[in-house]
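S.K.: okay, sequence plus prediction incoming.
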Amino acid sequence: MFLGTYTPKLDEKGRLILPAKFRNALEDGLVITRAQERALAVYPKDTFEALMADAMKAPSTVKQVRDYQRMMTAGASFEIPDRQGRVTIPQILRDYAGLDRDVVVIGALNRAEIWDAETWHTYSAESEERFAGMDDELTAFQG
């Protein structure tokens, strides 16, 4: 499970040092891909493969299914962290998420997310009020 908020920096080659607490789960390989709200999702390889196996079962005759499959896979990049725990974020994904140097990496249960720092701070501030009122909404999902 991925938890917490971290503020590493991208280096001049577009590499990111993964948070130490995430490295064991990602050491055998990971997939970086687009996520909603212009963030990037970082999945352990096995988790991404399971998500895509489920996505392949959905009928590609449905436009929303095709859109999801395309957005998740078109920019996806398989990476293996180096000995220092660094991964390279491809330029196409850096452009999508507006990443420059200052980034925020958050844990989001089954994945990590990489955000441009300013975008994260804006999103977080805007979401705070909605978050405060979520209890009633979330209980509806539990049963």
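M.R.: That came in fine, so what should we check first? Residues are numbered from 1 along each chain as shown.

S.K.: out of the helices and strands in the chain, which is least certain?
M.R.: Lowest on mean pLDDT, DSSP states H and E among the helices and strands of the chain sits helix 134-141, with a mean of 63.

S.K.: surely Tyr68 and Ala55 touch.
M.R.: Yes: with contact defined as CB atoms under 8 Å, Tyr68 counts as touching Ala55 (6.4 Å). (C-beta placed from N, C-alpha, C; glycine too.)

S.K.: packing partners for the lengthiest helix in the chain?
M.R.: Secondary structure assigned by DSSP state H gives helix 117-132 as the longest helix of the chain. Other helices and strands packing on helix 117-132, by 3 or more CB pairs under 8 Å, 6 or more residues apart in numbering; DSSP states H and E, are strand 103-107.

S.K.: which residues touch the strand it packs on?
M.R.: 1-10, 16, 18-19, 21-22, 42, 112-117, 120-121 (CB atoms under 8 Å, 6 or more residues apart in numbering).

S.K.: and the residues you listed, which of them are in helices?
M.R.: Judged by DSSP H, helices contain the following of the contacts of strand 103-107: Lys21, Phe22, Ala117, Trp120, His121.
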